[in-house]
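1. Quick one, what's the 3D model for this:
(4 chains)
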4 protein chains.
Amino acid sequence: MSGSTIGKMFCVTTWGESHGPALGAVIDGCPAGIELDEEFVQRLLNKRKPGQSRYSTQRGEADKVEILSGVFEGKTTGTPIAMMVRNTDQRSHDYSQIMDVYRPGHADYTFDMKYGFRDYRGGGRSSGRETIGRVMGGAVAMKLLEQLGIRVTAFTESVGPVKGQTYDEAEIERNPFRMADAQAAASAAEYVSAAAARGDSCGGVVKCVVKGAPAGLGDPVFDKLDADLAKAMMSIGAVKGVEIGAGFSASELTGTQDNDGFFSQDGQIGKRTNNAGGILGGISDGSDIVIRVAFKPTPSVSALQQTVTKEGENTEISIHGRHDPLIVARAVPVVEAMAAITICDALLRGMSSRMDNVSKIWSK
Amino acid sequence: MSGSTIGKMFCVTTWGESHGPALGAVIDGCPAGIELDEEFVQRLLNKRKPGQSRYSTQRGEADKVEILSGVFEGKTTGTPIAMMVRNTDQRSHDYSQIMDVYRPGHADYTFDMKYGFRDYRGGGRSSGRETIGRVMGGAVAMKLLEQLGIRVTAFTESVGPVKGQTYDEAEIERNPFRMADAQAAASAAEYVSAAAARGDSCGGVVKCVVKGAPAGLGDPVFDKLDADLAKAMMSIGAVKGVEIGAGFSASELTGTQDNDGFFSQDGQIGKRTNNAGGILGGISDGSDIVIRVAFKPTPSVSALQQTVTKEGENTEISIHGRHDPLIVARAVPVVEAMAAITICDALLRGMSSRMDNVSKIWSK
Amino acid sequence: MSGSTIGKMFCVTTWGESHGPALGAVIDGCPAGIELDEEFVQRLLNKRKPGQSRYSTQRGEADKVEILSGVFEGKTTGTPIAMMVRNTDQRSHDYSQIMDVYRPGHADYTFDMKYGFRDYRGGGRSSGRETIGRVMGGAVAMKLLEQLGIRVTAFTESVGPVKGQTYDEAEIERNPFRMADAQAAASAAEYVSAAAARGDSCGGVVKCVVKGAPAGLGDPVFDKLDADLAKAMMSIGAVKGVEIGAGFSASELTGTQDNDGFFSQDGQIGKRTNNAGGILGGISDGSDIVIRVAFKPTPSVSALQQTVTKEGENTEISIHGRHDPLIVARAVPVVEAMAAITICDALLRGMSSRMDNVSKIWSK
Amino acid sequence: MSGSTIGKMFCVTTWGESHGPALGAVIDGCPAGIELDEEFVQRLLNKRKPGQSRYSTQRGEADKVEILSGVFEGKTTGTPIAMMVRNTDQRSHDYSQIMDVYRPGHADYTFDMKYGFRDYRGGGRSSGRETIGRVMGGAVAMKLLEQLGIRVTAFTESVGPVKGQTYDEAEIERNPFRMADAQAAASAAEYVSAAAARGDSCGGVVKCVVKGAPAGLGDPVFDKLDADLAKAMMSIGAVKGVEIGAGFSASELTGTQDNDGFFSQDGQIGKRTNNAGGILGGISDGSDIVIRVAFKPTPSVSALQQTVTKEGENTEISIHGRHDPLIVARAVPVVEAMAAITICDALLRGMSSRMDNVSKIWSK
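-> Numbers count the residues shown, from 1 in each chain, chains lettered A, B, ... in the order given. The predicted model follows:
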């Protein structure tokens, strides 16, 4: 399959460019009979929408979703669900600068190397607007997960060097950074404002927790659940690192420190700790699935940078326009979407792991 | 596709269990006309073989490879390459302990949850021996990369808290940890010996660098080159984290610090720094591709651990047998193999990114 | 991958229902740099449009295409091409009859068995309107083939028992049946009219020829070129049989009769005959690729038929509405589209069959 | 995925050449808990083995199967099942003739065009021995189908122009042609003997019936059950045509003739006829699934044929050696295998078509 589809049974294909007519997604392989409406998808899209705070781009997109197929009388039909958002605020720009110059940290140069030319308007396909399709796919996935009591929650764990210390879920939607720690959010505001004032930008870390996933998801070798999550997360623009559970810090522990002992209580098997982040041998163990995702700072900065033109001449660039000094907060719903899609795909693929489950569906 | 195949055009399917008759791989999609012989594959398999040093398991496997198809008169034919290694040292064990008890940090519990039962002999499919098939696939991939001047090198960057400070490639194969810093290797020896003496085990970080890869590899959205690398690495047993370039530390930089400025010299475009780790917008930029992979400590420890039986009774376990106190050194060739497979797949998939390339192959 | 995508490198995903808001396709994996505009796609869509003659449904759809992504300044960018057609003539119907009754020959019953319920309006996803997405995908494929001098032509070989005897390509678009034989078309007109007058319907055979395809397309075992063509054709609604070259009649020949002898002339290798239909061992041989596709009669007939209700009660049905007494003529562009998509995918997948071709693209 | 794998959830990858060391298959995605042993696979392999009668090649291969992984204590474990057969009777031949000359009707020329060279020993990968892997995969599939009461039976319907008129299942294994009509088998013996005496060869048609498959298998658009069956069948060497149900003859019927009326009896819905061959809109309807597969005559004939050398010189060839004058009888178990694999894959993929089925597996 080509590179714009993710998932093997629950498949999300996205399309669209920043300044083209529209962006959208096709979700194929969604089981029939799940309630779905535009309002729910819209609510999630609004979480990634531009212009939510003064820390994000002021581009004025409504990002109004339209469901074009696959839903009948409020329920998924089992056939492909197509959704679309029209671009409305593609300002007519003078693109002459970025048309010919490679912006550092952006995909301008690599697109030209791969395709021979590029849609230079607002990043084209490599724009953050590409994540609209991911959120659409995630919305459908979440509706499925909801019916199985599985819940995905992400939040900003750190903004640059400012790390959240406490966790208050209610706080997440109260501050513009989607941090779970109000005090850290206040520090983050200072940090980001200072960077923005200098024409600079910031990165951060998003943490995502999946609660209620059953044990047994994922395959033992290449399609490990953590491998698929790593791919899903690393496929989000600007992500440079992914950790499961204790992550890199596990490499400094010893086996006796890192191993999560099992215990049994009231007929249920549990783990005393969760360094594994809910995944053992690539298969979910029933504990919370814990993922950390590192985002680099937004590459668009107005500070002067050295670069080259398409023709290979050294030059300088200062990027102006409607850019986010911090992308992390708007990435939170995207991380949730990618986690939901991955878990959903693992659920559908995992249905046939045992013959007794196959018989449960097909025996007469 | 089911979970034991990786790659879309260059496809590696692995099979086999720790204590079954054999393990192997099928490599499909390899172009015709590449020189390949058993000796080359054997050399790479020997790098991951048990018993190389006193820090790895003393299981006495020859791991002698046999090429069963897809090679004719010393060259790949374009049809599937099957390879196999017979298991020879499956000691007859008393498995009664691990048969009924879930080892902490292992996949025993999750296999039972997924499949209803498991091949408990030596971990079955979740054994480290599963990586034999990866190395086989990687061997073929490396032969292809070699012809394009692409070279993959990995080494152990840190063992537990002991980090290498210097880089001497010649040193890597000289010490049992595959560190590139002799002095750090000496400290690692002390650290690992102490842990082993306590019946404990250690983790570490492997760094992998791909040199000579052309710009233009990888797809812009889901099949980003870094996303595929993240999946490939996270699919190796015991891996808990993956970074590309500056990785998690990028999240603490500002845009002006993190962005790699382009420059032009002698008609070549280059980058002043490589925080991106050679990948921009999911597509290779022609710089070194830099990946860091975190391994948790070997979960098999002889120290006493609390756990449960299959029937859900609390119990204790002390794991004896031929286990590696440190898996990281033997994982180095596996990391190289996964990188080679991923780059190889991206090369084959990327051939049709432009119509002029399509015409180059098919025009009469 | 889920069932609404075809192709491995050149991937076409279709979506949409007969009476939903819209239908469309996403074409992913198309090389960058191919000229594409809405006018060309529209021309092909018009060939499958309803209402072209009195032998097809009088539903008044404009089927006006909109390209939503993947094209920039008149050329494909290498990123997904999304296209859409809005449904405009979804008459408000009284669906009470087909809502509860299974139409013989239709997918009503099987959709209910698979999904638990169905979008009963006009067949939903199983409507002939689903082929709009196929034609969109085929349009892009044809643009690619055009650049390589490959041409796909299909025509109606027979309508019911009326077989064309002569071949005049210019005739195909002159008669409402797309037959290449004017006289046969006249007989077909009588045959179809008589059936329609009785409230009955007709089937037929479409023949498709691909000229100019290079030798070497297709893979030797499962992904044989003829296997992929067979799947592509059989996936069109109402198709019940597919032949390559001599097809079923080859089974009655002897080896000396069926084998196509090779000859050499002016340094070119050719075949004296083409019973193979241009494919040997699953790989194209450079001759014309010849495919025959059998369509069953349109299942919607106004004559009274015996059937059952959803609740399992025996009943009768007479289907009225805007139905084609003959679908074959409108299927001709769909057959062409499916052939073009399949050949296109084989071309892109086949680029890496030899290492020297890989080097041609990637060597510095 | 590359071309040697079939199936999306139940995946069969085959490998091996006629005169290489071995041939085999990897079956991935098979549910855990199915009984499987070498004896059952061997029984099926024996049905396709050479030397069963004087109408097939006298190559003396034992084709002894070894299961190398994925089975533990007599049951599938859910991990990949690898099987292998060693080649033992690769006579040392003088290959100089076929090394340089393209045999008409064979894949010699097309392999050279695709790969630049070929393993010319006994056809290499394009040999009929390639079907060993198919039968291995089919064996596993049949074990799964057996548990659901699904049975696949194929037989030779016609040999050249000699058509079976009656159906006696017990007769199939009694005559060397696997015909279900003893009298037709006697006529076939005369026909084939006469052709063989002339140094010529014959083709035929295999009919395959799947009984007991539930309604609801297959997807509505590209992955229709009949489309996947068509691909599976056309991927067998020497197949030139595939029909479902009434097949090509449906194109000559009218709608009222072809439509299968539904009826209800004792709470069960059935069809009065089965022109559809058990598939409506690409989805199984619970009736027998009926497939017809046309095989061309064996291309290896000892009669003199005109052809060319690799260097493009006109020449003649007379093919001697151990060839089947009729391949059809030995193809019967291969057709069964491909049908079983396809149905099995559709069963596993179809488990998630409805949310209530998903909940049946995953709800706590």
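
2. Say whether chain C is contacted by the least confident helix or strand in chain A by mean pLDDT.
-> Least confident element among the helices and strands of chain A, by mean pLDDT, DSSP states H and E: helix A:96-100 (a mean of 81). No - between helix A:96-100 and chain C, judged by CB under 8 Å from any CB of the partner chain, nothing touches; the nearest distance is 11.3 Å. To be clear about C-beta, it is placed using only N, CA and C from the backbone, and glycine gets the same treatment.

3. Show me which residues of that helix are buried.
-> Across helix A:96-100, burial judged by 16 or more other CB atoms under 10 Å in any protein chain shown covers A:97-98.

4. Just after it, pick out the following helix or strand.
-> If you walk from helix A:96-100 toward the C-terminus, the next helix or strand you reach (DSSP states H and E) is helix A:108-115.

5. check whether the strand or helix carrying residue A:141 contacts chain D.
-> Using DSSP H and E, residue A:141 maps to helix A:131-147. Yes - for helix A:131-147 and chain D, the contact criterion (CB under 8 Å from any CB) is met by A:144, A:147.

6. same for that helix, what does it pack against?
-> Counting contacts by 3 or more CB pairs under 8 Å, 6 or more residues apart in numbering or on different chains; DSSP states H and E, helix A:131-147 is packed against strand A:11-16, strand A:22-28, helix A:38-48, strand A:81-86, strand A:151-159, helix A:328-349, helix D:355-362.

7. Mean neighbour count and distance to chain C added to those, as CSV?
-> As requested, the helices and strands packed on helix A:131-147 are exported to CSV (neighbours: other CB atoms under 10 Å in any protein chain shown; distance: least, CB to the nearest CB, whole Å):
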stretch, mean neighbour count, distance to chain C
strand A:11-16, 29, 4
strand A:22-28, 28, 4
helix A:38-48, 17, 11
strand A:81-86, 26, 4
strand A:151-159, 24, 22
helix A:328-349, 28, 9
helix D:355-362, 19, 7
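
8. Mind putting those into TSV with distance to chain B and mean pLDDT?
-> Conversion of the helices and strands packed on helix A:131-147 to TSV gives the following (distance: least, CB to the nearest CB, whole Å; pLDDT from 0 to 100):
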stretch	distance to chain B	mean pLDDT
strand A:11-16	6	98
strand A:22-28	11	98
helix A:38-48	15	96
strand A:81-86	16	98
strand A:151-159	7	98
helix A:328-349	8	98
helix D:355-362	12	98
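
9. how about these, which one is nearest residue A:309?
-> When the helices and strands packed on helix A:131-147 are ranked by distance to residue A:309, counting by CB to CB, first place goes to strand A:11-16 at 27.8 Å.

10. Report the angle between that closest one and strand A:22-28.
-> Inter-element angle recorded for strand A:11-16 and strand A:22-28: 170 degrees (by axes from the mean of the first three to the mean of the last three CA atoms, to 10 degrees).

11. quick one, strand A:11-16 and strand C:81-86 angle?
-> Comparing the axes of strand A:11-16 and strand C:81-86 via the same axes, to 10 degrees yields an angle of 90 degrees.

12. close to chain B, is the least confident helix or strand of chain A?
-> No - no part of helix A:96-100 sits close enough to chain B to count as contact by CB under 8 Å from any CB; the gap is at least 12.8 Å.

13. and that helix, how far from the chain's centre?
-> The gap between the average C-alpha position of helix A:96-100 and the chain average comes to 29 Å, counting by CA atoms, centre = their mean, to the nearest Å.

14. And for stretch A:151-160?
-> Centre to centre, stretch against its chain (CA atoms, centre = their mean), the figure for stretch A:151-160 is 11 Å.

15. wait, does that stretch contact chain D?
-> No - using CB under 8 Å from any CB, we find that stretch A:151-160 stays clear of chain D, coming within 13.7 Å at best.

16. and stretch A:259-269, average pLDDT?
-> Along stretch A:259-269, the predicted local confidence has a mean pLDDT of 95.

17. how long is that stretch end to end?
-> The stretch stretch A:259-269 measures 15 Å between its terminal residues, going by CA to CA, to the nearest Å.

18. Enumerate the positions of it that are buried.
-> Across stretch A:259-269, burial judged by 16+ other CB under 10 Å covers A:259-262, A:264, A:269.

19. Just the angle for the helix holding residue A:141 relative to helix D:355-362, thanks.
-> For the pair helix A:131-147 and helix D:355-362, the angle between their directions (the same axes, to 10 degrees) equals 70 degrees.

20. May I have helix A:131-147 as CSV, with CA atoms only?
-> Listed next in CSV are the C-alpha coordinates belonging to helix A:131-147 (Å, rounded to 0.1, in the frame of the first residue of the first chain):
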residue,chain,number,x,y,z
THR,A,131,-3.4,16.0,10.6
ILE,A,132,-7.1,16.9,10.0
GLY,A,133,-7.4,13.5,8.3
ARG,A,134,-5.8,11.8,11.2
VAL,A,135,-8.3,13.4,13.7
MET,A,136,-11.1,12.3,11.4
GLY,A,137,-9.9,8.7,11.5
GLY,A,138,-9.3,8.9,15.2
ALA,A,139,-12.8,10.1,15.8
VAL,A,140,-14.2,7.0,14.2
ALA,A,141,-11.7,4.8,16.1
MET,A,142,-12.7,6.5,19.4
LYS,A,143,-16.4,5.7,18.9
LEU,A,144,-15.5,2.1,18.5
LEU,A,145,-13.2,2.1,21.5
GLU,A,146,-15.9,3.8,23.6
GLN,A,147,-18.2,0.8,23.1
